[in-house]
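[1] build me a model:
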Amino acid sequence: MRERTEILEETFRKLTEEKKYASLRDLMQTLYPADIAAILSDMPEKLMPAIFRLLPKDLAAETFVEMESDVKEALIRSFSDTELKAVIDEMYMDDAVDLIEEMPANMVRRILAQADADTRKQINEILKYKDDSAGSVMTTEFVALTPRMTAEDAIEEIRKTGVDKETINTCYVLDEKYHLLGTVTIRTLILARPNETCESLMTGNAVSVNTQDDQETAVQTMSKYNFTSLPVVDAENRMVGIITVDDALDIMEEEASEDIAKMAAITPSDKPYLRTGVLDIWKNRIPWLLLLMVSGTFTGIVISRFENALAMVTVLTAYIPMMMDTGGNSGSQASVTIIRGLSLNELEFSDIFRVMWKEFRVSVLCGAALSLVNFGKLMLIDRRFINPDLTVPIAATICLAMFCTVVIAKLVGCTLPMLAKKAKLDPAVMASPFITTIVDVLSLLVLFGLATAILHVG
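    Sure thing, here's the model as predicted:
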(Lines give C-alpha, C1' and ligand atoms only; values in the text may rest on other atoms or scores of the structure.)
Protein backbone atom coordinates (compact mmCIF):
# COMPACT_ATOMS: atom_id res chain seq x y z
CA MET A 1 0.00 0.00 0.00
CA ARG A 2 2.80 2.42 0.92
CA GLU A 3 4.63 1.64 -2.34
CA ARG A 4 1.47 2.39 -4.33
CA THR A 5 1.03 5.71 -2.48
CA GLU A 6 4.64 6.71 -3.20
CA ILE A 7 4.20 5.95 -6.90
CA LEU A 8 1.02 8.05 -6.99
CA GLU A 9 2.77 10.89 -5.13
CA GLU A 10 5.55 10.90 -7.71
CA THR A 11 2.97 10.85 -10.53
CA PHE A 12 1.13 13.79 -8.95
CA ARG A 13 4.36 15.80 -8.67
CA LYS A 14 5.41 15.03 -12.23
CA LEU A 15 2.02 15.92 -13.73
CA THR A 16 1.93 19.14 -11.69
CA GLU A 17 5.45 20.17 -12.71
CA GLU A 18 4.63 19.45 -16.36
CA LYS A 19 1.34 21.35 -15.95
CA LYS A 20 -0.69 18.40 -17.25
CA TYR A 21 -3.66 19.41 -15.13
CA ALA A 22 -6.29 17.65 -17.23
CA SER A 23 -4.46 14.33 -16.85
CA LEU A 24 -4.04 14.92 -13.12
CA ARG A 25 -7.74 15.69 -12.73
CA ASP A 26 -8.68 12.52 -14.65
CA LEU A 27 -6.32 10.47 -12.47
CA MET A 28 -7.77 11.82 -9.22
CA GLN A 29 -11.31 10.99 -10.34
CA THR A 30 -10.30 7.31 -10.42
CA LEU A 31 -9.07 7.34 -6.81
CA TYR A 32 -10.83 7.12 -3.48
CA PRO A 33 -11.02 10.33 -1.41
CA ALA A 34 -8.92 8.72 1.35
CA ASP A 35 -6.14 7.94 -1.16
CA ILE A 36 -6.16 11.47 -2.55
CA ALA A 37 -6.08 12.89 1.00
CA ALA A 38 -3.08 10.71 1.93
CA ILE A 39 -1.19 11.76 -1.20
CA LEU A 40 -1.94 15.47 -0.78
CA SER A 41 -0.91 15.33 2.88
CA ASP A 42 2.61 14.29 1.85
CA MET A 43 2.91 16.84 -0.96
CA PRO A 44 4.76 20.17 -0.48
CA GLU A 45 2.37 22.70 1.05
CA LYS A 46 2.76 25.09 -1.90
CA LEU A 47 1.45 22.41 -4.32
CA MET A 48 -1.55 21.26 -2.26
CA PRO A 49 -3.97 24.12 -3.05
CA ALA A 50 -3.31 23.96 -6.79
CA ILE A 51 -3.94 20.22 -6.92
CA PHE A 52 -6.96 20.40 -4.61
CA ARG A 53 -8.62 23.00 -6.85
CA LEU A 54 -8.63 20.49 -9.71
CA LEU A 55 -11.06 18.22 -7.86
CA PRO A 56 -14.78 18.30 -8.69
CA LYS A 57 -16.92 19.84 -5.92
CA ASP A 58 -18.28 16.63 -4.40
CA LEU A 59 -14.93 14.79 -4.56
CA ALA A 60 -13.17 17.84 -3.11
CA ALA A 61 -15.46 17.85 -0.06
CA GLU A 62 -15.06 14.09 0.50
CA THR A 63 -11.27 14.38 0.18
CA PHE A 64 -11.16 17.36 2.55
CA VAL A 65 -13.00 15.37 5.23
CA GLU A 66 -10.38 12.60 5.07
CA MET A 67 -7.45 14.95 5.72
CA GLU A 68 -5.68 15.53 9.03
CA SER A 69 -6.54 18.75 10.87
CA ASP A 70 -3.21 20.49 10.16
CA VAL A 71 -3.58 19.83 6.42
CA LYS A 72 -7.15 21.15 6.50
CA GLU A 73 -5.93 24.27 8.26
CA ALA A 74 -3.25 24.85 5.63
CA LEU A 75 -5.78 24.47 2.81
CA ILE A 76 -8.34 26.77 4.44
CA ARG A 77 -5.68 29.48 4.70
CA SER A 78 -5.19 29.21 0.93
CA PHE A 79 -8.93 29.16 0.09
CA SER A 80 -10.87 32.16 -1.08
CA ASP A 81 -14.22 32.69 0.67
CA THR A 82 -15.99 31.29 -2.40
CA GLU A 83 -13.88 28.12 -2.37
CA LEU A 84 -14.38 27.66 1.35
CA LYS A 85 -18.15 28.04 0.99
CA ALA A 86 -18.20 25.48 -1.83
CA VAL A 87 -16.43 22.90 0.34
CA ILE A 88 -18.64 23.54 3.39
CA ASP A 89 -21.83 23.34 1.33
CA GLU A 90 -20.84 19.86 0.10
CA MET A 91 -19.97 18.53 3.57
CA TYR A 92 -22.34 16.46 5.69
CA MET A 93 -23.37 18.03 8.97
CA ASP A 94 -21.32 15.76 11.26
CA ASP A 95 -18.20 16.41 9.18
CA ALA A 96 -18.81 20.16 9.33
CA VAL A 97 -19.11 19.96 13.12
CA ASP A 98 -15.87 17.96 13.33
CA LEU A 99 -14.15 20.64 11.26
CA ILE A 100 -15.38 23.39 13.60
CA GLU A 101 -14.11 21.47 16.63
CA GLU A 102 -10.66 20.92 15.06
CA MET A 103 -9.93 24.47 13.89
CA PRO A 104 -8.59 27.44 15.89
CA ALA A 105 -11.02 30.20 16.87
CA ASN A 106 -10.05 32.67 14.13
CA MET A 107 -10.61 30.02 11.46
CA VAL A 108 -13.90 28.89 13.02
CA ARG A 109 -15.29 32.41 12.63
CA ARG A 110 -14.35 32.40 8.95
CA ILE A 111 -15.89 28.96 8.37
CA LEU A 112 -19.18 29.90 10.07
CA ALA A 113 -19.29 33.14 8.09
CA GLN A 114 -19.34 31.13 4.86
CA ALA A 115 -22.00 28.66 6.03
CA ASP A 116 -25.66 29.44 5.37
CA ALA A 117 -27.99 30.31 8.26
CA ASP A 118 -29.58 26.86 8.47
CA THR A 119 -26.19 25.12 8.52
CA ARG A 120 -24.93 27.46 11.25
CA LYS A 121 -28.02 26.75 13.32
CA GLN A 122 -27.60 22.99 13.03
CA ILE A 123 -23.87 23.19 13.79
CA ASN A 124 -24.55 25.24 16.92
CA GLU A 125 -27.22 22.77 18.05
CA ILE A 126 -24.83 19.83 17.78
CA LEU A 127 -22.01 21.75 19.47
CA LYS A 128 -24.23 22.15 22.55
CA TYR A 129 -23.96 18.44 23.31
CA LYS A 130 -21.16 17.40 25.65
CA ASP A 131 -17.99 15.99 24.12
CA ASP A 132 -17.97 12.27 23.32
CA SER A 133 -21.76 12.02 23.59
CA ALA A 134 -23.95 10.46 20.90
CA GLY A 135 -25.40 13.90 20.15
CA SER A 136 -21.96 15.37 19.46
CA VAL A 137 -21.12 12.80 16.74
CA MET A 138 -24.49 12.42 15.02
CA THR A 139 -25.56 13.89 11.71
CA THR A 140 -28.96 15.53 11.32
CA GLU A 141 -29.28 14.44 7.69
CA PHE A 142 -31.50 11.37 7.43
CA VAL A 143 -34.59 10.28 5.49
CA ALA A 144 -37.79 10.77 7.48
CA LEU A 145 -41.03 9.09 6.34
CA THR A 146 -44.58 9.17 7.71
CA PRO A 147 -46.58 6.06 8.70
CA ARG A 148 -49.28 6.57 6.05
CA MET A 149 -46.87 6.99 3.14
CA THR A 150 -47.12 4.18 0.60
CA ALA A 151 -44.01 2.42 -0.64
CA GLU A 152 -44.40 4.30 -3.91
CA ASP A 153 -44.65 7.66 -2.10
CA ALA A 154 -41.69 6.79 0.12
CA ILE A 155 -39.47 5.98 -2.85
CA GLU A 156 -40.45 9.25 -4.48
CA GLU A 157 -39.62 11.09 -1.24
CA ILE A 158 -36.22 9.43 -1.17
CA ARG A 159 -35.61 10.49 -4.78
CA LYS A 160 -36.40 14.11 -3.88
CA THR A 161 -34.52 14.41 -0.59
CA GLY A 162 -32.04 11.53 -0.53
CA VAL A 163 -29.32 13.29 -2.48
CA ASP A 164 -28.58 15.51 0.54
CA LYS A 165 -28.71 12.69 3.10
CA GLU A 166 -25.69 10.81 4.40
CA THR A 167 -27.42 7.45 3.92
CA ILE A 168 -30.70 6.25 2.45
CA ASN A 169 -30.26 2.55 3.17
CA THR A 170 -32.35 2.83 6.33
CA CYS A 171 -35.22 5.31 6.57
CA TYR A 172 -37.02 6.37 9.73
CA VAL A 173 -40.79 6.44 10.23
CA LEU A 174 -41.81 9.39 12.42
CA ASP A 175 -45.13 10.76 13.60
CA GLU A 176 -46.16 14.42 13.31
CA LYS A 177 -44.18 15.27 16.48
CA TYR A 178 -41.03 13.55 15.20
CA HIS A 179 -41.33 10.63 17.62
CA LEU A 180 -39.51 7.58 16.28
CA LEU A 181 -42.03 4.84 15.41
CA GLY A 182 -39.85 2.42 13.46
CA THR A 183 -37.42 1.85 10.61
CA VAL A 184 -37.80 0.67 7.05
CA THR A 185 -35.00 -0.21 4.62
CA ILE A 186 -34.76 0.86 1.01
CA ARG A 187 -34.71 -2.84 0.09
CA THR A 188 -38.06 -3.38 1.83
CA LEU A 189 -39.60 -0.40 0.02
CA ILE A 190 -38.37 -1.52 -3.40
CA LEU A 191 -39.60 -5.08 -2.93
CA ALA A 192 -42.99 -4.05 -1.44
CA ARG A 193 -46.21 -3.56 -3.37
CA PRO A 194 -46.61 0.12 -4.35
CA ASN A 195 -49.70 0.67 -2.17
CA GLU A 196 -48.32 -0.87 1.05
CA THR A 197 -47.86 1.72 3.80
CA CYS A 198 -44.68 2.43 5.73
CA GLU A 199 -46.57 1.59 8.92
CA SER A 200 -47.15 -1.95 7.70
CA LEU A 201 -43.62 -2.33 6.32
CA MET A 202 -41.61 -0.82 9.16
CA THR A 203 -39.82 -2.62 11.96
CA GLY A 204 -41.31 -1.30 15.19
CA ASN A 205 -39.61 -0.89 18.58
CA ALA A 206 -36.60 0.65 16.88
CA VAL A 207 -33.34 0.50 18.81
CA SER A 208 -31.95 3.97 19.47
CA VAL A 209 -29.62 5.90 21.76
CA ASN A 210 -30.15 9.14 23.61
CA THR A 211 -28.27 12.29 22.68
CA GLN A 212 -26.59 12.27 26.12
CA ASP A 213 -25.40 8.64 25.92
CA ASP A 214 -21.67 8.09 25.59
CA GLN A 215 -20.44 7.64 22.03
CA GLU A 216 -18.96 4.27 23.02
CA THR A 217 -22.45 3.11 24.03
CA ALA A 218 -23.69 4.04 20.56
CA VAL A 219 -20.88 2.11 18.86
CA GLN A 220 -21.47 -0.94 21.06
CA THR A 221 -25.18 -0.82 20.18
CA MET A 222 -24.38 -0.69 16.47
CA SER A 223 -21.98 -3.61 16.83
CA LYS A 224 -24.49 -5.67 18.83
CA TYR A 225 -27.29 -5.30 16.28
CA ASN A 226 -25.11 -5.08 13.14
CA PHE A 227 -26.54 -1.66 12.23
CA THR A 228 -25.04 0.55 9.55
CA SER A 229 -26.82 3.56 11.07
CA LEU A 230 -28.32 4.20 14.48
CA PRO A 231 -31.09 6.68 15.34
CA VAL A 232 -30.42 9.26 18.04
CA VAL A 233 -33.37 10.58 20.04
CA ASP A 234 -33.78 13.27 22.67
CA ALA A 235 -35.28 12.87 26.15
CA GLU A 236 -38.81 12.91 24.67
CA ASN A 237 -38.03 10.21 22.09
CA ARG A 238 -38.02 12.73 19.25
CA MET A 239 -35.56 11.77 16.58
CA VAL A 240 -32.83 14.35 16.05
CA GLY A 241 -30.15 12.52 14.07
CA ILE A 242 -28.31 9.33 13.19
CA ILE A 243 -24.84 7.91 13.73
CA THR A 244 -23.50 6.18 10.62
CA VAL A 245 -21.08 3.30 10.36
CA ASP A 246 -18.20 5.49 9.13
CA ASP A 247 -18.56 7.62 12.25
CA ALA A 248 -18.68 4.46 14.38
CA LEU A 249 -15.39 3.26 12.89
CA ASP A 250 -13.79 6.65 13.61
CA ILE A 251 -15.05 6.51 17.21
CA MET A 252 -13.67 2.98 17.66
CA GLU A 253 -10.27 4.07 16.37
CA GLU A 254 -10.31 7.20 18.53
CA GLU A 255 -11.32 5.31 21.69
CA ALA A 256 -8.79 2.52 21.08
CA SER A 257 -5.98 5.04 20.48
CA GLU A 258 -6.97 6.93 23.62
CA ASP A 259 -6.99 3.76 25.74
CA ILE A 260 -3.63 2.62 24.39
CA ALA A 261 -2.11 6.03 25.18
CA LYS A 262 -3.52 6.06 28.70
CA MET A 263 -2.39 2.50 29.35
CA ALA A 264 1.13 3.58 28.37
CA ALA A 265 0.93 6.69 30.59
CA ILE A 266 0.72 9.18 27.72
CA THR A 267 -1.79 11.99 27.27
CA PRO A 268 -3.81 11.10 24.12
CA SER A 269 -3.12 13.11 20.96
CA ASP A 270 -5.37 13.48 17.92
CA LYS A 271 -2.44 13.98 15.54
CA PRO A 272 -0.45 11.25 13.73
CA TYR A 273 2.96 10.60 15.29
CA LEU A 274 5.01 12.01 12.36
CA ARG A 275 2.87 15.17 12.32
CA THR A 276 3.20 15.76 16.06
CA GLY A 277 5.93 18.17 17.11
CA VAL A 278 8.65 17.22 19.57
CA LEU A 279 7.37 19.74 22.13
CA ASP A 280 3.83 18.39 21.83
CA ILE A 281 5.06 14.83 22.42
CA TRP A 282 7.08 16.07 25.39
CA LYS A 283 4.00 17.80 26.85
CA ASN A 284 1.97 14.60 26.44
CA ARG A 285 4.53 12.42 28.20
CA ILE A 286 6.26 14.47 30.88
CA PRO A 287 3.31 14.94 33.32
CA TRP A 288 2.83 11.18 33.57
CA LEU A 289 6.56 10.53 33.89
CA LEU A 290 6.82 13.09 36.69
CA LEU A 291 3.85 11.57 38.49
CA LEU A 292 5.19 8.03 38.17
CA MET A 293 8.66 9.16 39.18
CA VAL A 294 7.29 10.67 42.39
CA SER A 295 5.13 7.62 43.09
CA GLY A 296 8.18 5.44 42.42
CA THR A 297 9.93 7.00 45.42
CA PHE A 298 7.79 4.78 47.62
CA THR A 299 9.86 1.78 46.51
CA GLY A 300 12.96 3.66 47.64
CA ILE A 301 11.34 4.32 51.03
CA VAL A 302 10.60 0.60 51.46
CA ILE A 303 14.15 -0.40 50.56
CA SER A 304 15.56 2.20 52.95
CA ARG A 305 13.27 0.91 55.71
CA PHE A 306 14.71 -2.62 55.31
CA GLU A 307 18.30 -1.54 54.74
CA ASN A 308 19.53 -3.59 57.71
CA ALA A 309 17.88 -6.73 56.38
CA LEU A 310 19.59 -6.24 53.03
CA ALA A 311 22.92 -5.74 54.76
CA MET A 312 22.53 -9.07 56.56
CA VAL A 313 21.34 -11.01 53.50
CA THR A 314 22.82 -9.15 50.54
CA VAL A 315 21.86 -11.95 48.15
CA LEU A 316 18.24 -10.74 48.34
CA THR A 317 19.25 -7.53 46.52
CA ALA A 318 19.91 -9.45 43.30
CA TYR A 319 16.33 -10.75 43.21
CA ILE A 320 14.46 -7.50 43.86
CA PRO A 321 14.19 -6.61 40.13
CA MET A 322 12.87 -10.09 39.29
CA MET A 323 10.29 -9.86 42.07
CA MET A 324 9.09 -6.41 41.01
CA ASP A 325 8.98 -7.29 37.29
CA THR A 326 7.05 -10.51 37.91
CA GLY A 327 4.53 -8.68 40.08
CA GLY A 328 4.13 -5.86 37.55
CA ASN A 329 3.65 -8.27 34.66
CA SER A 330 1.09 -10.31 36.62
CA GLY A 331 -0.88 -7.20 37.54
CA SER A 332 -0.80 -5.90 33.96
CA GLN A 333 -2.15 -9.20 32.59
CA ALA A 334 -5.14 -9.03 34.91
CA SER A 335 -5.80 -5.32 34.37
CA VAL A 336 -5.71 -5.49 30.57
CA THR A 337 -8.15 -8.42 30.58
CA ILE A 338 -10.55 -6.61 32.89
CA ILE A 339 -10.28 -3.29 31.02
CA ARG A 340 -11.21 -5.07 27.80
CA GLY A 341 -14.18 -6.72 29.51
CA LEU A 342 -15.36 -3.37 30.86
CA SER A 343 -15.00 -1.64 27.49
CA LEU A 344 -17.07 -4.35 25.78
CA ASN A 345 -19.70 -4.29 28.55
CA GLU A 346 -18.92 -7.91 29.38
CA LEU A 347 -18.29 -6.91 33.01
CA GLU A 348 -20.08 -4.68 35.51
CA PHE A 349 -19.03 -3.50 38.96
CA SER A 350 -21.46 -6.03 40.45
CA ASP A 351 -19.20 -8.77 39.04
CA ILE A 352 -16.22 -7.67 41.13
CA PHE A 353 -16.32 -10.56 43.61
CA ARG A 354 -16.72 -13.14 40.83
CA VAL A 355 -13.77 -11.56 39.04
CA MET A 356 -11.65 -11.54 42.20
CA TRP A 357 -12.44 -15.21 42.90
CA LYS A 358 -11.52 -16.21 39.36
CA GLU A 359 -8.32 -14.15 39.35
CA PHE A 360 -7.40 -15.55 42.77
CA ARG A 361 -7.58 -19.11 41.43
CA VAL A 362 -5.62 -18.11 38.32
CA SER A 363 -3.02 -16.36 40.46
CA VAL A 364 -2.56 -19.42 42.69
CA LEU A 365 -1.83 -21.57 39.62
CA CYS A 366 0.46 -18.95 38.06
CA GLY A 367 2.21 -18.24 41.35
CA ALA A 368 2.77 -21.92 42.09
CA ALA A 369 4.18 -22.60 38.61
CA LEU A 370 6.50 -19.58 38.71
CA SER A 371 7.69 -20.36 42.23
CA LEU A 372 8.48 -24.00 41.48
CA VAL A 373 10.38 -23.15 38.28
CA ASN A 374 12.18 -20.32 40.05
CA PHE A 375 13.19 -22.58 42.97
CA GLY A 376 14.72 -25.06 40.53
CA LYS A 377 16.58 -22.25 38.75
CA LEU A 378 17.90 -20.84 42.03
CA MET A 379 19.18 -24.19 43.20
CA LEU A 380 20.54 -25.57 39.92
CA ILE A 381 21.89 -22.44 38.23
CA ASP A 382 22.12 -19.42 40.53
CA ARG A 383 23.58 -21.30 43.51
CA ARG A 384 26.26 -23.00 41.41
CA PHE A 385 27.24 -20.24 38.99
CA ILE A 386 26.02 -16.86 40.30
CA ASN A 387 25.41 -16.68 44.07
CA PRO A 388 27.20 -19.38 46.11
CA ASP A 389 25.75 -17.84 49.28
CA LEU A 390 22.22 -18.75 48.17
CA THR A 391 20.88 -21.24 50.71
CA VAL A 392 17.72 -23.33 50.62
CA PRO A 393 15.92 -21.11 53.19
CA ILE A 394 16.79 -17.96 51.20
CA ALA A 395 15.62 -19.57 47.95
CA ALA A 396 12.42 -20.74 49.64
CA THR A 397 11.82 -17.20 50.96
CA ILE A 398 12.29 -15.70 47.50
CA CYS A 399 9.92 -18.23 45.92
CA LEU A 400 7.28 -17.85 48.62
CA ALA A 401 7.50 -14.07 48.20
CA MET A 402 7.04 -14.51 44.45
CA PHE A 403 3.95 -16.66 45.01
CA CYS A 404 2.40 -14.07 47.33
CA THR A 405 3.35 -11.21 44.99
CA VAL A 406 1.65 -12.85 42.00
CA VAL A 407 -1.54 -13.43 43.99
CA ILE A 408 -1.61 -9.85 45.30
CA ALA A 409 -0.70 -8.36 41.90
CA LYS A 410 -3.50 -10.14 40.07
CA LEU A 411 -6.05 -9.13 42.70
CA VAL A 412 -4.89 -5.51 42.51
CA GLY A 413 -4.84 -5.66 38.70
CA CYS A 414 -8.42 -6.92 38.45
CA THR A 415 -9.99 -4.67 41.10
CA LEU A 416 -8.47 -1.25 40.35
CA PRO A 417 -10.00 -0.88 36.82
CA MET A 418 -13.42 -1.89 38.18
CA LEU A 419 -13.14 0.58 41.05
CA ALA A 420 -12.09 3.28 38.56
CA LYS A 421 -15.14 2.54 36.42
CA LYS A 422 -17.38 2.78 39.49
CA ALA A 423 -15.81 6.15 40.33
CA LYS A 424 -16.61 7.40 36.78
CA LEU A 425 -12.92 7.34 35.78
CA ASP A 426 -11.42 5.79 32.68
CA PRO A 427 -10.32 2.23 33.62
CA ALA A 428 -7.42 2.51 31.14
CA VAL A 429 -5.74 4.99 33.48
CA MET A 430 -5.44 2.18 36.02
CA ALA A 431 -3.49 -0.03 33.62
CA SER A 432 0.19 -0.90 33.56
CA PRO A 433 1.91 2.26 34.94
CA PHE A 434 -0.14 2.74 38.11
CA ILE A 435 -0.63 -0.93 38.84
CA THR A 436 3.08 -1.62 38.31
CA THR A 437 3.99 1.16 40.76
CA ILE A 438 1.58 -0.15 43.39
CA VAL A 439 2.68 -3.75 42.93
CA ASP A 440 6.37 -2.76 43.13
CA VAL A 441 5.83 -1.41 46.63
CA LEU A 442 3.73 -4.40 47.69
CA SER A 443 6.23 -6.92 46.30
CA LEU A 444 9.04 -5.35 48.32
CA LEU A 445 6.94 -5.33 51.47
CA VAL A 446 6.12 -9.03 50.94
CA LEU A 447 9.76 -9.97 50.25
CA PHE A 448 11.18 -8.14 53.25
CA GLY A 449 8.30 -9.19 55.49
CA LEU A 450 8.90 -12.86 54.71
CA ALA A 451 12.67 -12.43 55.02
CA THR A 452 12.16 -10.95 58.48
CA ALA A 453 9.83 -13.77 59.51
CA ILE A 454 11.70 -16.73 57.99
CA LEU A 455 15.32 -15.62 57.97
CA HIS A 456 15.07 -13.52 61.15
CA VAL A 457 16.72 -10.46 59.64
CA GLY A 458 15.91 -6.77 60.04
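
[2] name the next helix or strand downstream of the worst-scoring helix or strand of the chain on mean pLDDT, please.
    The weakest-scoring helix or strand in the chain, judged by mean pLDDT, DSSP states H and E, is helix 307-312 (a mean of 72). Using DSSP states H and E, the helix or strand that follows helix 307-312 in sequence is helix 320-343.

[3] name the residues of the lengthiest helix in the chain that are buried.
    Scanning the chain for the helix with the most residues, using DSSP state H, yields helix 392-422. Within helix 392-422, the residues scored as buried using 16 or more other CB atoms under 10 Å are 394-418, 420-421. (C-beta placed from N, C-alpha, C; glycine too.)

[4] which SS state does the residue nearest the centre of the chain fall under?
    By CA atoms, centre = their mean, the chain has its centre lying nearest to Glu255, at 1.4 Å. Recorded secondary structure, Glu255: helix (DSSP: H, G, I helix; E, B strand; the rest coil).

[5] so who does it touch?
    Contacts here follow CB atoms under 8 Å, 6 or more residues apart in numbering; on that basis Glu255 touches 215-216, 219, 343.

[6] next, count neighbours for Pro194.
    11 (other CB atoms under 10 Å).

[7] helix/strand/coil for it?
    Pro194 - assigned by three-state DSSP - is coil.

[8] how about the nearest residue to it, chain neighbours excluded?
    Closest residue to Pro194 apart from its sequence neighbours, by CB to CB, 6 or more residues apart in numbering: Glu152 at 4.0 Å.

[9] element containing the one you found?
    For Glu152, the enclosing helix or strand under DSSP H and E is helix 151-161.

[10] so what strands line up beside the following helix or strand past that helix?
    As assigned by DSSP H and E, the chain's next helix or strand after helix 151-161 is strand 170-174. Partners of strand 170-174 in the sheet, by DSSP bridges, are strand 144-145 (parallel), strand 180-185 (antiparallel).

[11] could you give the angle of strand 170-174 to helix 151-161?
    For strand 170-174 against helix 151-161, the angle by axes from the mean of the first three to the mean of the last three CA atoms, to 10 degrees is 110 degrees.

[12] okay, buried residues for strand 170-174 please.
    Neighbour counts over strand 170-174 (16+ other CB under 10 Å) mark 170-174 as buried.

[13] and it, what's its mean pLDDT?
    Here strand 170-174 scores 95 as its mean pLDDT.

[14] neighbouring contacts of it?
    The contact list for strand 170-174 (CB under 8 Å, 6+ apart) reads 142-147, 154, 158, 180-186, 189, 198-199, 202, 206, 227-229, 231, 239, 242.

[15] let me know whether Arg238 touches His179 as I believe.
    Yes - contact criterion CB atoms under 8 Å: Arg238 and His179 qualify, at 5.8 Å.

[16] dump the buried residues of strand 170-174 to a markdown table, plus distance to Leu75.
    A markdown table is the format used below for the buried residues of strand 170-174 (distance: CB to CB, whole Å):
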| residue | distance to Leu75 |
| --- | --- |
| Thr170 | 33 |
| Cys171 | 35 |
| Tyr172 | 35 |
| Val173 | 40 |
| Leu174 | 38 |
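
[17] which of the residues you listed lies closest to Ile260?
    Within those, proximity to Ile260 (CB to CB) peaks at Thr170, which comes in at 32.3 Å.

[18] ok so, going back, any idea of the pLDDT on the residue nearest to Pro194?
    Confidence score, pLDDT, at Glu152: 95.

[19] quick check: it vs Val209, distance?
    Going from Glu152 to Val209 by CB to CB, to the nearest Å gives 32 Å.

[20] more neighbours: which of those two?
    Val209 (23 against 14).

[21] rewinding a little: what's the least confident helix or strand of the chain packed up against?
    helix 432-454 (3 or more CB pairs under 8 Å, 6 or more residues apart in numbering; DSSP states H and E).

[22] show me what the helix it packs on is packed up against.
    Judged by 3+ CB pairs under 8 Å, 6+ apart, helix 432-454 is in contact with helix 278-305, helix 307-312, helix 320-343, helix 392-422.

[23] what about 10 Å?
    Where contact means 3 or more CB pairs under 10 Å, 6 or more residues apart in numbering; DSSP states H and E, helix 432-454 is packed against helix 245-263, helix 278-305, helix 307-312, helix 320-343, helix 392-422.

[24] could you export these as a markdown table, including distance to Ala38?
    Output for these, formatted as a markdown table (distance: least, CB to CB, whole Å):
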| stretch | distance to Ala38 |
| --- | --- |
| helix 245-263 | 15 |
| helix 278-305 | 22 |
| helix 307-312 | 57 |
| helix 320-343 | 29 |
| helix 392-422 | 36 |
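
[25] which one of those helices has the poorest average confidence?
    helix 307-312 (a mean of 72).

[26] how does this protein divide into domains?
    2-128, 144-258, 273-454 (automatic domain parsing).

[27] quick check: which of those is nearest to Gly135?
    Among the domains of the chain, the nearest to Gly135 by CB to CB is domain 144-258 (3.3 Å).
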